[in-house]
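Colleague: Build me a model from this:
(2 chains)
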Protein chains: 2
Amino acid sequence: MDAIARIERALGSSLAGASVPGAPPLLAAAMHHAVFPRGARLRSRLCLAVALACGDDDSDLSDAAAAAIELLHCASLVHDDLPCFDNADTRRGRPSVHRAFGEPLAVLAGDALIVLAFQTLAAGAVRRVERLPVLLRIIAEATGAPFGIAAGQAWECEPSADLSVYQQQKTGALFAASTCAGAAAAGGSVVAWRVFGERLGEAYQVADDISDVLSSEADLGKPVGQDGALARPNAVLQLGVDAALQRLDRLAAAATAAIPPCRGAAALAALTLTETRRLLPKDLAQRAA
Amino acid sequence: MDAIARIERALGSSLAGASVPGAPPLLAAAMHHAVFPRGARLRSRLCLAVALACGDDDSDLSDAAAAAIELLHCASLVHDDLPCFDNADTRRGRPSVHRAFGEPLAVLAGDALIVLAFQTLAAGAVRRVERLPVLLRIIAEATGAPFGIAAGQAWECEPSADLSVYQQQKTGALFAASTCAGAAAAGGSVVAWRVFGERLGEAYQVADDISDVLSSEADLGKPVGQDGALARPNAVLQLGVDAALQRLDRLAAAATAAIPPCRGAAALAALTLTETRRLLPKDLAQRAA
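Modeller: Residues are numbered from 1 along each chain as shown, chains lettered A, B, ... in the order given. The predicted structure is shown next:
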């Protein structure tokens, strides 16, 4: 079974628990809308790729870690799209959760997805309970305060913020958690895999900045031009297109160089290249290639 | 050290992690505002009382379970008070989190408190890792979908809802989780302690309904009359004051009867009596006594 099939199966099985008879049907539908149909599943594929590179000795736990990371990513998008943040009407080419289900259900769906992530992780760890505390810590640190996604998002509410700190917490933290959790789920070295995730997260953020300025809503399936409109830091707006592209190239190379020696190294290098190009408009992706 | 001192110490130490140097200061302040100064800490006291009744053989884990439950309760209040739900300006006699810090930080503080709850639980389980999966499951089931707090709250978004299902999920689930988690943290029988928590949760909900209709905002430190204004089910509005008081008495007696034989049984019976009376206006509490 390929990686994406494993991830979709794990997510489907987690979400199925939310729509059992007796559950409030709109909440279950809102949670489903937030997770399916799939986006790129980049963070969970990264987690699973690292778990495979580390031996994948308990595939249930690898799948659970990948699913937990994807659920937390989806939860952050649901809350990020809310009127009090980005007020985004679309996501993955469809109405955002609050546009489809209203604001109360969007808040609750995000909350319930966060809880489900930790529940999924615990359920996947039955045969490797000793790996659960470190996995929980890695994933919690990447999503909460003081340095996870919630903290990154909270810098938007401060009078001033350091660009690299903001991006590291809002985006980079979950990338680093994806590689670290993949390693931890398979009994590999968390320390050895952190830098690769960090560099890839930084590169992804620059690609995301470029696409926000230069792509169309039709291409991305979500609003563009948000950084300029909301006065948020953006590499293109700060450095210009050429310098941003150069920065993307440097970071992608640094990410590739940080892949520890392992059987899956070539696949991970290919994933790094593809994913740091995927968001770019076609002409720019060719220039960067 | 008495129960409340243990709970405040555990919560203080959890929250301290959110306000380290480099963290976004307003998020840390919003999280602190949501948790301190303390409310009744009823759910965490219940958890700790049951852990003590079961032997409290790992006080760090008992404290972590109690703190996790309180953090999740606080998170649910922060999101519950948001403009898209109750739009409550006050909580515990002070501005609600979104009134003090704005809506974006209230959403993020709730999210970060949910994450912190699971992180706190994991950190407390270092010496008893084998108890972590069941604790996580108990606490996650009580807070997420399909039958936890988020589900209870989501019934407010459905065209119709069953009163007892709504109250069981929105309030009862975390009471039952408090007794079950207390037992699980101390290696006791989860099954033996569930009914006590369920009955106490039902009794508490009726007391809360009575206070919403008959108490003043000055007494409670939060808005009253919300159920009538928001067309939510309420035992007094449905049954009248006398029948609601009789129901409260029956449920409190049923809770007391469900306490398993143990050394702490008298203390738990006293807690049940005090806490099901505490919310009532003074004259009614005397009538009920």
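Colleague: which element is residue A:30 on?
Modeller: According to DSSP states H and E, residue A:30 maps onto helix A:25-35.
Colleague: tell me which strands and helices that helix is in contact with?
Modeller: Other helices and strands packing on helix A:25-35, by 3 or more Cβ pairs under 8 Å, 6 or more residues apart in numbering or on different chains; DSSP states H and E, are helix A:3-16, helix A:59-80, helix A:97-101, helix A:103-124, helix B:149-154. C-betas here are computed from N, CA, C, even on glycine.
Colleague: Quick one: residues in contact with the last one.
Modeller: Meaning helix B:149-154. A:23-24, A:26-27, A:104-105, A:108, A:111-112, A:115, B:72, B:76, B:79-80, B:85, B:142-145, B:166-171, B:173-174 (Cβ atoms under 8 Å, 6 or more residues apart in numbering or on different chains).
Colleague: I'd like the next helix or strand past that helix.
Modeller: helix B:163-167.
Colleague: any idea of the pLDDT on the residue of the stretch 151-289 of chain A found nearest chain B?
Modeller: Closest contact between the stretch 151-289 of chain A and chain B, by Cβ to the nearest Cβ, is at residue A:154 (3.7 Å). pLDDT for residue A:154: 96.
Colleague: ditto for residue A:223
Modeller: Reported pLDDT for residue A:223: 88.
Colleague: show me where pLDDT drops low in the stretch 151-289 of chain A?
Modeller: A:287-289 (pLDDT under 70).
Colleague: Contact residues of it facing chain B?
Modeller: A:151, A:153, A:154, A:155, A:156, A:157, A:158, A:161, A:165 (Cβ under 8 Å from any Cβ of the partner chain).
Colleague: can you pick the most crowded of these?
Modeller: residue A:154 (31 neighbours; other Cβ atoms under 10 Å in any protein chain shown).
Colleague: next helix or strand past the helix or strand residue A:236 falls within?
Modeller: Assigned by DSSP H and E, residue A:236 belongs to helix A:235-239. Heading C-terminal from helix A:235-239, the first helix or strand you meet, by DSSP H and E, is helix A:241-257.
Colleague: For that following helix, give me every contacting residue.
Modeller: A:196, A:199-200, A:202-203, A:206-207, A:209-210, A:213-214, A:235-236, A:239, A:269, A:272-273, A:276, A:284, A:287-288.
Colleague: Point out the ones among those residues that are inside strands.
Modeller: Residues of the contacts of helix A:241-257 located in strands (DSSP state E): none.
Colleague: Now a PyMOL select for only the buried ones of those.
Modeller: Those of these that count as buried under 16 or more other Cβ atoms under 10 Å in any protein chain shown are selected in PyMOL with:
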select buried, chain A and resi 196+199+200+202+203+206+207+209+210+213+214+235+236+272+273+276+284+288
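Colleague: State the pLDDT value of the residue lying closest to residue A:23 once chain neighbours are set aside.
Modeller: In this structure, residue A:23 finds its nearest non-sequential neighbour in residue B:146, 3.2 Å apart by Cβ to Cβ, 6 or more residues apart in numbering or on different chains. Model confidence at residue B:146, given as pLDDT, is 97.
Colleague: Likewise for the one 3 residues further on?
Modeller: Note for residue B:149: predicted pLDDT of 97.
Colleague: Tell me how many other residues crowd it.
Modeller: Taking other Cβ under 10 Å as the criterion, the count of residues near residue B:149 is 28.
Colleague: And it, how far from residue B:166?
Modeller: 11 Å (Cβ to Cβ, to the nearest Å).
Colleague: Any idea how many residues pack against residue A:286?
Modeller: Neighbour tally, residue A:286, other Cβ under 10 Å: 10.
Colleague: Would you mind listing the residues in contact with it?
Modeller: So residue A:286 contacts nothing (Cβ under 8 Å, 6+ apart).
Colleague: now residue A:32
Modeller: A:15, A:18, A:19.
Colleague: near chain B too, which of the residues you listed?
Modeller: Restricting those to those near chain B - Cβ under 8 Å from any Cβ - leaves A:18, A:19.
Colleague: which one among the contacts of residue A:32 gets closest to chain B?
Modeller: residue A:18 (4.0 Å).
Colleague: Next secondary structure after the biggest helix by length in chain A?
Modeller: Longest helix in chain A, counting residues (DSSP state H): helix A:190-214. Sequence order places helix A:217-220 as the next helix or strand after helix A:190-214, per DSSP H and E.
Colleague: follow-up on the earlier one: of the helices and strands packed on helix A:25-35, which is nearest residue B:134?
Modeller: helix A:103-124 (8.7 Å; Cβ to Cβ).
Colleague: now whatever helix or strand comes next after the closest one against helix A:103-124, angle please.
Modeller: Later in the chain than helix A:103-124, the nearest helix or strand by DSSP H and E is helix A:132-143. If you take axes from the mean of the first three to the mean of the last three Cα atoms, to 10 degrees, helix A:132-143 sits at 150 degrees to helix A:103-124.
Colleague: tell me what helix A:132-143 is packed against?
Modeller: helix A:59-80, helix A:103-124, helix A:149-154, helix A:173-185, helix B:103-124, helix B:132-143.
Colleague: what do you get if the cut-off is 6 Å, keeping everything else the same?
Modeller: helix A:59-80, helix A:173-185, helix B:103-124 (3 or more Cβ pairs under 6 Å, 6 or more residues apart in numbering or on different chains; DSSP states H and E).
Colleague: what about that helix, average pLDDT?
Modeller: pLDDT averaged over helix A:132-143 gives 98.
Colleague: Which residues does that helix contact?
Modeller: A:65, A:68, A:72, A:121, A:125, A:148-149, A:173-174, A:177, A:180-181, A:184, B:115, B:118-119, B:122, B:132 (Cβ atoms under 6 Å, 6 or more residues apart in numbering or on different chains).
Colleague: can you rerun that using 8 Å?
Modeller: Contacts of helix A:132-143 (Cβ under 8 Å, 6+ apart): A:61, A:65, A:68-69, A:72, A:76, A:114, A:117-118, A:121-122, A:125, A:147-150, A:173-174, A:176-177, A:180-181, A:184-185, A:190, B:111, B:115-116, B:118-119, B:122-123, B:125-126, B:129, B:132-133.
Colleague: Using PDB, list the CA coordinates for that helix.
Modeller: Provided in PDB are the C-alpha atoms of helix A:132-143 (Å, rounded to 0.1, in the frame of the first residue of the first chain):
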ATOM      1  CA  LEU A 132       3.900   7.600  23.100                       C
ATOM      2  CA  PRO A 133       5.200  10.200  25.500                       C
ATOM      3  CA  VAL A 134       7.900  11.500  23.200                       C
ATOM      4  CA  LEU A 135       5.500  11.400  20.200                       C
ATOM      5  CA  LEU A 136       3.000  13.400  22.200                       C
ATOM      6  CA  ARG A 137       5.500  15.900  23.300                       C
ATOM      7  CA  ILE A 138       6.900  16.400  19.700                       C
ATOM      8  CA  ILE A 139       3.400  16.900  18.200                       C
ATOM      9  CA  ALA A 140       2.100  19.100  21.100                       C
ATOM     10  CA  GLU A 141       5.100  21.400  21.100                       C
ATOM     11  CA  ALA A 142       4.700  22.000  17.400                       C
ATOM     12  CA  THR A 143       1.000  22.900  17.700                       C
END
